[in-house]
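Novice: Below are the sequence and a predicted model for it; my questions follow.
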Amino acid sequence: MRAILLTITTVFLQAALALSVGAQQQFEVSLVAAQQRALESNKMLEVGRAGVAEAEGIQLQTWAGHLPSISVSERALRTNNALSAFGFRLSRERVQQSDFVPEALNNPGGITHFQTVLEVQQPLFNGGQTIYGRRQARAGVQAAQAQLRRGEQEVRLHTAEGYWGLVLAREGLAAVRQALETARSHADQARAHYEQQTAPLSDLLAAQVRVAELRGEEIAAQNRVAAGTDELSLVMGLASGVTVVPVDTLVYREMDASLDKLTGQALAGRADLTAAALKVAGAGHGVQVARAELLPHLNAFAQIGLDSEKLLERQGESWTVGAMVTWKIFSGFASVGAVRQARAQQGQARARREFLAAQTTREVAHAWRSVKAAQAQVGIAQEAVQQAEERLRMTDLQYQETLVTATDLLDAETALTQTRIRRLQALHGLNVGLARMEFAVGRSLDNYSVSSRGGEK
């Protein structure tokens, strides 16, 4: 008896665990939540964030032209050079009368000398190289941040495409199952008519073939749902095997914004255009940085030295301060070439920005036309569905009265299924088109209304 109870308890716990795991692997999500999850977990955005960090590191380096540089060095020397040996003794402040003996001066023995030097260098003037360098670096950081925002917009687009693709697959599967249920009902009717000898065997066989076809379509639709789930979970950064269940449905959306307004918004604020403009500005500062090499540079410096005959021992002390002007009057055309190179880079950046602006105008126009075409297609598909439903209803009544053949009934059912699928495809095209419209404009579209009638205008 205890063994039976133990077996029942084990089976119950295993079933409860399986249900718990199944519940954990199902992830219900709206489009907005899916996009937010993708922004947090998508691996490709890490590249953009690293780019921003790199640009910030470059900007930090430009402080070197304003702030002093401080270094400490320790030198160990051993020599029998007469001049160096006497100089080392002077540096250690340990010169004695016996050191002035000519023989000692001319033939010193080997001498070991240690020197600790603390040096501070302060740039005073470098032809504006530091100022323009900082401006160029700042523009680089802002450009990297703008590119990251564009990358986030791209992730949002890919998420929307995957999301609506999965919704289409799931609603397409529902449409196929609805058609399968209808086909089975028609097959039952065909069997009843055949048994009543009011319809030939070919009608029954045709109905059964239609059921088999729809069962095959159901399997294909289930595979599309699985593929759509994998694609969306990858974009969202979810673990493999998690079942994503969209809570939004394919509905009709109306976009009221004019093409001119959307184009103006894109040209004024799209993140990649902003990044391109910042790169043009940064390249302009780069020209000034290159020109600064043609001007004299002024630096101040100060040194403190500790000399001794033993490592890290304090004997002699000295200090030195000064300033140094450096002017590269001729550097083998290196400086002139750098200026020309910087000007060419500025021209390239300007040309890329102009091309991107022209491309943006066309992308917005293409997306706008696609949305308008999709809206019209939804209306046509909705009307076709209503007509196909009425045709099937009338054909079904006529078949019950043996006024039409099973072929007519199957044709009407097939036509209805096809029009329903086309309506779903049109709605999918509209929703994806609006997502692409947002990506082309570079911002959310707040000026369209959403109907709650699931595809009806």
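Specialist: That came through, no problem.

Novice: contacts, neighbours, all on C-alpha from now
Specialist: Fine.

Novice: low-scoring pLDDT stretches of this protein, where are they?
Specialist: Applying pLDDT under 70 to the chain picks out residues 1-25, 446-457.

Novice: Strands along the stretch 351-457 of the chain, start to end?
Specialist: Assigned by DSSP state E, counting those that start in this stretch, the strands in the stretch 351-457 of the chain fall at 448-450.

Novice: in stretch 187-204, what's buried?
Specialist: Of all the residues in stretch 187-204, those buried under the rule 16 or more other C-alpha atoms under 10 Å are 187, 189-191, 193-194, 199-200, 203-204.

Novice: just stretch 266-276 next, same as before
Specialist: By neighbour count with 16+ other C-alpha under 10 Å, stretch 266-276 contains the buried residues 266-267, 270-276.

Novice: Over to that stretch now: how far is its first residue from its last?
Specialist: Taking C-alpha to C-alpha, to the nearest Å, stretch 266-276 runs 13 Å from one end to the other.

Novice: Could you do stretch 240-253 as well?
Specialist: Using C-alpha to C-alpha, first and last residues of stretch 240-253 are 32 Å apart.

Novice: Where do the helices of this protein begin and end?
Specialist: Assigned by DSSP state H, the helices in the chain fall at 2-24, 31-41, 45-61, 82-91, 102-106, 129-195, 201-236, 259-269, 271-292, 334-400, 406-441.

Novice: mind putting those in JSON lines, distance to V120 included?
Specialist: Listed next are the helices of the chain as JSON lines, based on distance: least, C-alpha to C-alpha, whole Å:
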{"stretch": "helix 2-24", "distance to V120": "63"}
{"stretch": "helix 31-41", "distance to V120": "46"}
{"stretch": "helix 45-61", "distance to V120": "18"}
{"stretch": "helix 82-91", "distance to V120": "20"}
{"stretch": "helix 102-106", "distance to V120": "34"}
{"stretch": "helix 129-195", "distance to V120": "18"}
{"stretch": "helix 201-236", "distance to V120": "52"}
{"stretch": "helix 259-269", "distance to V120": "46"}
{"stretch": "helix 271-292", "distance to V120": "23"}
{"stretch": "helix 334-400", "distance to V120": "28"}
{"stretch": "helix 406-441", "distance to V120": "52"}
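
Novice: closest to V325 out of these?
Specialist: Of all those, it is helix 271-292 that lies closest to V325, at 14.1 Å by C-alpha to C-alpha.

Novice: For the closest one, list every residue counted as buried.
Specialist: Buried residues in helix 271-292 (16+ other C-alpha under 10 Å): 271-292.

Novice: what about the nearest residue to T243 once chain neighbours are set aside, how many neighbours?
Specialist: In space, and not counting its chain neighbours, T243 is closest to Q26: 4.6 Å by C-alpha to C-alpha, 6 or more residues apart in numbering. For Q26, the neighbour count with other C-alpha atoms under 10 Å is 13.

Novice: quick one: Q26 and R423, what's the gap?
Specialist: Computed as C-alpha to C-alpha, the Q26 to R423 distance reads 28 Å.

Novice: Identify the spatial nearest neighbour of V72, chain neighbours not counted.
Specialist: Nearest one to V72, counting by C-alpha to C-alpha, 6+ apart, is L118 at 4.6 Å.

Novice: My error: substitute S71 in the last question.
Specialist: Nearest non-adjacent residue to S71, counting by C-alpha to C-alpha, 6+ apart: E119, 5.4 Å away.

Novice: before we move on, back to that, can you pull the contacts of the residue nearest to T243?
Specialist: 242-245 (C-alpha atoms under 8 Å, 6 or more residues apart in numbering).

Novice: Let's see which of the residues you listed end up in strands.
Specialist: Residues of those located in strands (DSSP state E): 243-245.

Novice: Most neighbours among those residues, please name it.
Specialist: Neighbour max across those (other C-alpha under 10 Å) = V244, 23 neighbours.
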